[in-house]
Each structure stands twice: as C-alpha cells, then as structure tokens.
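[1] Whatever this is, show me its structure:
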Amino acid sequence: MSILSHRLFDIGLKITRLLPAQPCLLCGAESHAGLCCEACAADLPHLLGLHCPVCALPTPNGSVCGECLRQQPPFDHTVAAFSYDFPLDKLIQALKFREQLILVDFLADALAQRITIQPNYIVALPLHPDRLRERGFNQSLLLARRISDRLHIPLLADICSRVRNTPPQSTLPWKERDKNMRQAFTCKDSAEVRGKHIAIVDDVMTTGASTGELARALKQAGAREISVWVVARTMPHDH
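    Numbering: from 1, shown residues only. As a prediction, this is how the structure comes out:
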C-alpha cells in the first residue's frame, strides 16, 4: 500500500512539473502550484491556533471569547481561512478594487478547505444595487458560487437584498459600524430559510457588523442557525 501511494505521489509530481509554469502573483517566481508558488502559499497568514468558535478571534484555549459570552452575535459560528494581514490583504484588495477576478477561485478554495460542517444553504453578503452597478460584480457572490460548487451546497443567490446603500465600513470608525449597518438587509421568509442552517459568505470580517446584520435578517426570516464563512478575519492588533 505504501509503495503504491509513493508511486502515485511521484507520478503526480512529475505531471505537475510538466504543466506550464506561471509567474507567482506574490514573488514573480515560476509556479507550478497555481497562482502562488508553494513557498508564498505557505507564507500566507493562515488562521492557525486556538480561536473563539463564534467570532474566530484568538482565545487562550479555543473557548468562546468574553465578548461573545457577554453579547452573543446574531450568528452562531465563524470560519476564516486567513488573518487579514500582508500579503493576503493585498490579494483581497486586488480582487475587490482592481477587478483581479482570477483570485476568486484561489481564495474561495482556501476557505472551502477549512469548512467541516454542512449547512443547508449558502448565501453571499449582498451589495446594494447602486454599489453593484459601480463595481460591476459582487466579490462575495463570486466566492460563494465557487464554494457552493466545491462543497455541493446549494446557493440561494436571490433570497437576501441590501436595501440601504450605506457608506463603506472601512471608511467609518469602529464604534459607528454597527449603527451604519442597522436594517441594511432584508431576507425573504421562505421554505429555504425557515428552520434551516444557513452559511453567509463574505471576503473579510472586521467588527462582524455586516455579517451580523445579515444573520439577524435571516433569523427574522426563520433561519435556525447561521454560520459565517470569510476568507480573512481582522485580528485585534489591527483594530
């Protein structure tokens, strides 16, 4: 068995080396492993170690953090692939603001690898129609579609809407972000939502105000449980 597995591994490596190389997005070296070479992929700020299962912030023993114990967020779980640090932050910014859509699959696949639960449906954090016309795409929806395909979980693309065109969260002080997102979303009360476990997909969680408000709208529409899946989580040192 071990001989067979080693032979298959060797064959896989040979096939990989025969594939055309492309410049690594981060260092420019030849990469046979995808958009990033193996060294740069390993150096990305993967979210490792113990963290709160509700909000994904670090905790000493992996238990629920004091803030979530004091006030439970509208969502129940959070999964993040990375911390929002260099150079991962530059990749997300390139996707959102410079239309580098080639990054969608790379980032979505990294997140999909961290998922260990199976909700009933996936939703993407919606953009307001005005913002969608301005940007031309919703990066969260693109990520959600890829994850839906990878994990074979149905995507509810039209169940939630953003009804308030709020200022970007990144332009506001932390203490004003919750108020900025109040009643920003509506979700249809439907059989797909009522009593179901729904996963919200977004690119970055900072305060959790956006995903929290969408989670609140989903629960008002009848959802039983909400998970949040984000590519990156902002860490306390970035507050």
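[2] how far away is residue 98 from residue 227?
    29 Å (C-beta to C-beta, to the nearest Å). Heads up, the C-betas are built off the backbone N, CA and C, glycines and all.
[3] quick one, which of the two is more surrounded?
    Ranked by neighbour count (other C-beta atoms under 10 Å), residue 98 and residue 227 place residue 227 first, with 20 against 10.
[4] how distant is the helix or strand hosting the more buried one from the center of its chain?
    If you go by DSSP states H and E, residue 227 is part of strand 225-233. Distance of strand 225-233 from its chain centroid, counting by C-alpha atoms, centre = their mean, to the nearest Å, is 6 Å.
[5] Do you have the helices of the protein handy? List them.
    2-18, 38-43, 66-70, 88-98, 103-112, 129-135, 139-151, 174-181, 209-220 (DSSP state H).
[6] CA atoms only: put the third one into CSV for me.
    Yep, that's helix 66-70 we're talking about. The C-alpha atoms that make up helix 66-70 are tabulated as CSV, following Å, rounded to 0.1, in the frame of the first residue of the first chain:
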residue,chain,number,x,y,z
GLY,A,66,-15.6,37.1,26.7
GLU,A,67,-17.2,39.5,24.2
CYS,A,68,-19.3,36.7,22.6
LEU,A,69,-20.3,35.5,26.1
ARG,A,70,-21.3,39.0,27.1
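[7] What residues sit buried inside it?
    For helix 66-70, burial by neighbour count (16 or more other C-beta atoms under 10 Å) applies to residue 68.
[8] go on, the fourth one?
    Of the residues in helix 88-98, those buried under the neighbour-count criterion (16+ other C-beta under 10 Å) are 88-89, 91-92, 94-96.
[9] Could you dump the residues you listed into TSV with distance to residue 124 and pLDDT added?
    Listed next are the buried residues of helix 88-98 as TSV, based on distance: C-beta to C-beta, whole Å; pLDDT from 0 to 100:
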residue	distance to residue 124	pLDDT
88	20	96
89	20	96
91	19	95
92	15	96
94	19	94
95	14	96
96	14	93
